[in-house]
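J.: Just need the structure, nothing else, for what follows:
(one chain, ligands or ions: 1)
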Amino acid sequence: MEFRGKLILAPLAGITDRTFRLLCRENGADVTVTEMVSARGLLMQPARTARYLEYGEGERPVGAQLFGAIPEEMAEAAAEIRRLGFDFVDINMGCPVRKVTAGGAGAALLSHPPLAGKIVKAAVDAAGIPVTVKIRSGFGTEPDSYLPVASEVFGAGAAAVTLHPRTRGQMFSGTADWGQIERLKREFPDRVVIGNGDVRQPEDSWRMVSETGCDAVMIGRAALGNPWIFSAIRRGVAVAAGGGAPGTPDGPSPEARRTLILRHGEEMHRRHGEGGIREMRKHLAWYSRGIPGASAFRGHLVTVRTCDDFRSAVERFF
Ligand SMILES: Cc1cc2nc3c(=O)[nH]c(=O)nc-3n(C[C@H](O)[C@H](O)[C@H](O)COP(=O)(O)O)c2cc1C
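T.: Purely as a prediction, here's the structure:
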C-alpha cells in the first residue's frame, strides 16, 4: 500500500467512526483509520470492540489502530485485523491518556524503544499487511524519543511512521514543532514519514510538506465539522500545479453543506438509533462553527433527541 502523497484522516477516539470516515473519504481523504482499539480487548472481548472495527468497502484503503504493550498480544491482534479485511494496521505509540499509558501502551512505549521495535516486528511477522506506527516526540517534557523509536520501528519493518510532534507532557498545549518532522525525514530519507499536528487550514498542509519534506499529511481536529478540508487541499494543489499560487479555496455551498450534514445524521440514526442522534450533537456544534448564530444554536442542541429533531434543527440552521 502506498502512503506517499496521501491525505490521511487522523484517528480520533469517539469521532472517526465508519460514517464520519466515509464522509471524509468522499470529500478527498485518501486514507482513513479507525480510532484506537485495545489489542487485548479485541482478543478477549471481541463483541465489545466490534463497533470500533466496522468499516465499509467505500472507505478503502482503511486501517485499524491497535494499542497494547505485549508483543505476542499485538501479533495476534494484528493477525485478527488482517482477517477482518483491513488494509493496514496502525500501532498507537502516542496516546497520552493515563488509562492507556499505565498499562505500558500508547506514549509509554516512547520510553522503551527496543520494546517498541519488538512489538512492531511481532505485528509485521503476524499481520501480512503493512504495519504503520503513530508516535509523539517524547514521553516527558523533552522531545527525546522520536528518533530512537523511529529507528527501532523502521528497523522492525514499519511501513510508515506518523509523528505528532508534541510530547506526552504537552498533551495538546503549545504548538506542534514541525521542525521535528523535518528532522525525522532528514534522518530517514528513504522511509515514509507522515506529518501530523496543527494543520488547521488547507494552506498549512502545503506548508507542512514544503517545510518538512514529509511524504504525507495527517489531519485530525481540522476535519471536525469540516470533512471538506481534504477536497479544499486538493483544489489548492491543483491550482498550484497549474502555475498559480495556492489561494484559499471556497468551502462547500450552503446546500452541499446541508445535504452532507443530513446524510451524516440519517446514517448515524440508521446505525445507532437515537444514540446516534445524541452523538450528532457534537458534530452539529462543529459544523456550526463560524456561522452567525452558532452559539445560540449550540445552546439548543441538548433538545435534539430524535431523527425529526435533528432534521428540523439542520433545516432551520444550515
Ligand atoms: C478527541 C481526540 C481523540 C484522539 N484519538 C486518537 C486515537 O484514538 N488514536 C491516535 O493515535 N490519536 C488520537 N488523537 C490524536 C490525533 O490523531 C492527532 O495526532 C492530534 O489531534 C494532532 O493532530 P491535529 O492537530 O490535526 O488534530 C486524538 C485526538 C483528539 C483531539
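
J.: can you pull out the helices in the chain?
T.: Per DSSP state H, the chain carries helices over the ranges 18-26, 39-44, 46-49, 71-83, 98-101, 113-127, 146-155, 178-187, 202-212, 229-241, 254-287, 294-299, 307-317.

J.: looking at the ones you listed, which is closest to residue 55?
T.: helix 18-26 (5.2 Å; CB to CB). To be clear about C-beta, it is placed using only N, CA and C from the backbone, and glycine gets the same treatment.

J.: Now find how far off-centre that closest one is within its chain.
T.: 12 Å (CA atoms, centre = their mean, to the nearest Å).

J.: Now do it: which elements does it pack against?
T.: strand 7-9, strand 32-38, helix 254-287 (3 or more CB pairs under 8 Å, 6 or more residues apart in numbering; DSSP states H and E).

J.: For it, buried residues please.
T.: Residues of helix 18-26 classed as buried: 18, 19, 20, 21, 22, 23, 24, 25 (neighbour count, 16 or more other CB atoms under 10 Å).

J.: okay, the angle between it and strand 32-38?
T.: Using axes from the mean of the first three to the mean of the last three CA atoms, to 10 degrees, the direction of helix 18-26 lies 150 degrees away from that of strand 32-38.

J.: List the contacts of helix 18-26.
T.: With CB atoms under 8 Å, 6 or more residues apart in numbering as the test, helix 18-26 has contacts from 9, 16, 29, 32, 34, 54-56, 58-59, 62, 223, 227, 230, 260, 263-264, 267-268, 271, 283.

J.: same check, this time on stretch 136-153
T.: The contact list for stretch 136-153, computed with CB under 8 Å, 6+ apart, reads 93-94, 96, 107-111, 113-114, 116-117, 120, 133, 135, 161, 163-170, 177, 180, 183-184, 187-188, 191.

J.: For the residues you listed, I'd like a selection string for PyMOL - just the buried members, please.
T.: The buried residues among these can be selected in PyMOL (16+ other CB under 10 Å) with this line:
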select buried, resi 93+94+96+107+108+109+110+111+113+116+117+120+133+135+161+163+164+165+166+167+168+170+177+180+183+184+191
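
J.: So what's the residue count around residue 97?
T.: 15 (other CB atoms under 10 Å).
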